[in-house]
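> Requesting a structural model of the entry that follows:
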Amino acid sequence: MDLFFRKYGQGPPLIIIHGLYGSSDNWVSIGRKLAENFEVFIIDQRNHGKSPHSPDHNYQLLKADLLEFMDAQSIEKAIIIGHSMGGKVAMFFAADYPERVSHLIVADISPSSYQFTNSNQLLAHTTIIRAMFNLDFYGIGSRQDVDDILAKSIPENRIRQFLLKNINRSKNNEYSWRLNIRALKNELKNILEGLDENQPEITGFPVLFMKGGNSDYIQKDDEKTIKKIFPYADIEIIPNAGHWLHAEQPELFLEKINDFILQE
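Next comes the predicted model:
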């Protein structure tokens with residue numbers, strides 16, 4: 001799949017992979033800061049942003065997309081940063097292609113399956129996707145109209161504002177979702193799956209997990225799973241941040257990344 005991407009800076013290659021409902025656009029400010037030391041590539045994953053749509057969306061395909069992208073850009077080995085779903089892609093990729101990873105940084109997601117989680121935030125994905133899928137754009141005249149409709153199911157303003165970045169307006173002033181909401185709805189079970197906890201340990205490169213201090217995506221049992229699969233991983237907490245820790249605490253997020261990569 002020919003993924004859309006943004007590129008900044010020069011130096012060792014660094015790839016940023018966004019999460020569910022996200023896009024490269026959400027990572028531009030972080031990418032430009034990192035471009036002071038690295039050649040930064042920010043991809044739009046399939047069914048997101050400006051990349052092509054597909055009815056299929058699972059980690060076998062997403063990691064294959066990443067491999068194809070790296071080959072197309074002649075990137076032999078890269079620092080890989082993945083947030084949420086993008087973190088899962090990065091982990092699945094590292095499991096199969098460890099020789100293509102120089103550093104792995106995973107933001108606020110664990111290797112565990114989230115299909116049967118008790119996390120309120122994660123269970124909300126079903127509500128979010130249903131609200132987006134059921135939204136009828138006929139008669140919609142503004143983004144505020146969309147926000148008003150979504151607010152009936154999604155009370156958190158921050159989440160709605162994030163989702164509204166996926167709104168596309170045509171030259172005829174017609175609104176639609178830029179992302180492939182039908183595929184994401186149909187494939188949500190696959191998006192929530194995890195790595196095999198009994199797979200061989202993944203070693204050979206530094207690994208950092210960052211958890212938002214106010215987020216419940218990485219819990220105590222998840223930390224045990226992290227250490228089982230990535231025995232030498234560091235786990236850092238970003239205080240006063242939720243799941244979107246890179247947006248809520250960008251300076252500290254960047255500081256942790258630079259310290260981790262440049263410490264050697």
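
> All the strands of the stretch 151-264 of the chain, residue numbers only.
167-169, 175-177, 207-212, 234-238 (DSSP state E, counting those that start in this stretch).

> which helices and strands sit right next to the first one?
In terms of contacts (3 or more CB pairs under 8 Å, 6 or more residues apart in numbering; DSSP states H and E), strand 167-169 is packed against strand 175-177. The C-beta positions use only the backbone N, C-alpha and C, and glycine is treated the same way.

> deepest of the strands of the stretch 151-264 of the chain, which one?
strand 207-212 (a mean of 24; mean count of other CB atoms under 10 Å).

> which other residues reach it?
Applying CB atoms under 8 Å, 6 or more residues apart in numbering, the external contacts of strand 207-212 come out as 103-108, 110, 217-218, 226, 230, 232-238, 241-245, 248, 253, 256-257, 260.

> go on, stretch 249-264?
Applying CB under 8 Å, 6+ apart, the contact partners of stretch 249-264 are 29-30, 33-34, 37, 79, 81, 103, 105, 107, 206, 208, 210, 234, 236, 238-241, 245-246.

> Tell me where the stretch 1-150 of the chain has helices.
Using DSSP state H, counting those that start in this stretch, the helices of the stretch 1-150 of the chain run over 28-34, 59-72, 85-96, 120-134, 143-150.

> Least reliable of those helices by average pLDDT, please.
Least confident of the helices of the stretch 1-150 of the chain, judged by mean pLDDT, is helix 120-134 with a mean of 81.

> Would you mind giving the domain segments of the protein?
5-113+196-262, 120-188 (automatic domain parsing).

> where among the ones you listed is the average confidence lowest?
Mean pLDDT per stretch puts domain 120-188 lowest among the domains of the chain, at a mean of 90.

> Just the buried residues from the contacts of stretch 249-264, in ChimeraX please.
To isolate the buried ones among those in ChimeraX, judged by 16 or more other CB atoms under 10 Å, type:
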select :30,33,34,37,79,81,103,105,107,206,208,210,238,241,245,246
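
> just to revisit the earlier point, could I get the strands of the stretch 151-264 of the chain as JSON lines with distance to residue 62?
Listed next are the strands of the stretch 151-264 of the chain as JSON lines, based on distance: least, CB to CB, whole Å:
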{"stretch": "strand 167-169", "distance to residue 62": "22"}
{"stretch": "strand 175-177", "distance to residue 62": "19"}
{"stretch": "strand 207-212", "distance to residue 62": "19"}
{"stretch": "strand 234-238", "distance to residue 62": "24"}
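
> that older thread, among the domains of the chain, show me which one is buried the most.
When these are compared using mean count of other CB under 10 Å, domain 5-113+196-262 is most buried, at a mean of 19.
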